[in-house]
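A.B. asks: Sequence isn't available, so here's the structure alone:
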């Protein structure tokens with residue numbers, strides 16, 4: 001059975017839910033490009049997963065998009081994350097976390113932010129580095 005046949009057999013309500021989650025994920029992923037504490041790649045991967053199950057057209061649009069597509073393709077193909085992207089993500093994330101820790105007086109919130117930043121940093125640093133971008 002072809003992939004498009006599977007999409008057509010999905011219940012229309014499920015397809016609409018997947019499309020809505022997909023577009024919300026695209027929006028959050030794009031925001032994450034500019035807001036370091038919001039992860040870009042996981043949201044774009046979630047969007048791709050939703051679109052591949054609901055709309056071939058939107059899936060192809062996303063993975064072939066000149067700005068968003070490389071985030072998904074490089075990751076899915078196991079090529080890694082560009083060094084520039086790693087440095088950009090880590091520097092901006094730690095700058096925003098540091099500022100947030102000064103602005104938020106709650107110790108548990110600071111602990112959560114710092115723990116999240118450490119875990120995301122470890123994740124980013126453990127990913128293969130893509131050197132040709």
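C.D. replies: Alright, I've got the coordinates. None of the values given here were measured: they were computed from a predicted structure.

A.B. asks: show me where pLDDT drops low in this structure?
C.D. replies: Scanning the chain for pLDDT under 70 picks out 1-10, 36-37, 132-133.

A.B. asks: so what are the domain limits for it?
C.D. replies: If you go by automatic domain parsing, the domain ranges for the chain are 1-77, 80-133.

A.B. asks: and the ones you listed as CSV, adding mean neighbour count?
C.D. replies: Bear in mind the C-beta positions are built from the backbone N, C-alpha and C, glycine included. As requested, the domains of the chain are arranged in CSV below (neighbours: other Cβ atoms under 10 Å):
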stretch, mean neighbour count
domain 1-77, 16
domain 80-133, 14
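
A.B. asks: So residue 118 versus residue 33, what's the distance?
C.D. replies: Per Cβ to Cβ, to the nearest Å, residue 118 is found 22 Å from residue 33.

A.B. asks: Now do stretch 106-115: everything it contacts.
C.D. replies: 37, 97, 100, 101, 104 (Cβ atoms under 8 Å, 6 or more residues apart in numbering).

A.B. asks: Torsion angles phi and psi at residue 81?
C.D. replies: phi -120, psi 130 (degrees, to the nearest 10).

A.B. asks: ok, now which ones touch the nearest residue to it once chain neighbours are set aside?
C.D. replies: Spatial nearest neighbour of residue 81, excluding adjacent residues (Cβ to Cβ, 6 or more residues apart in numbering): residue 127 at 4.9 Å. By Cβ under 8 Å, 6+ apart, the residues touching residue 127 are 80, 81, 86.

A.B. asks: same deal with residue 46?
C.D. replies: 21, 22, 25 are the contacts of residue 46 under Cβ under 8 Å, 6+ apart.

A.B. asks: can you do 6 Å?
C.D. replies: Residues counted as contacts of residue 46 (Cβ atoms under 6 Å, 6 or more residues apart in numbering) are residue 25.
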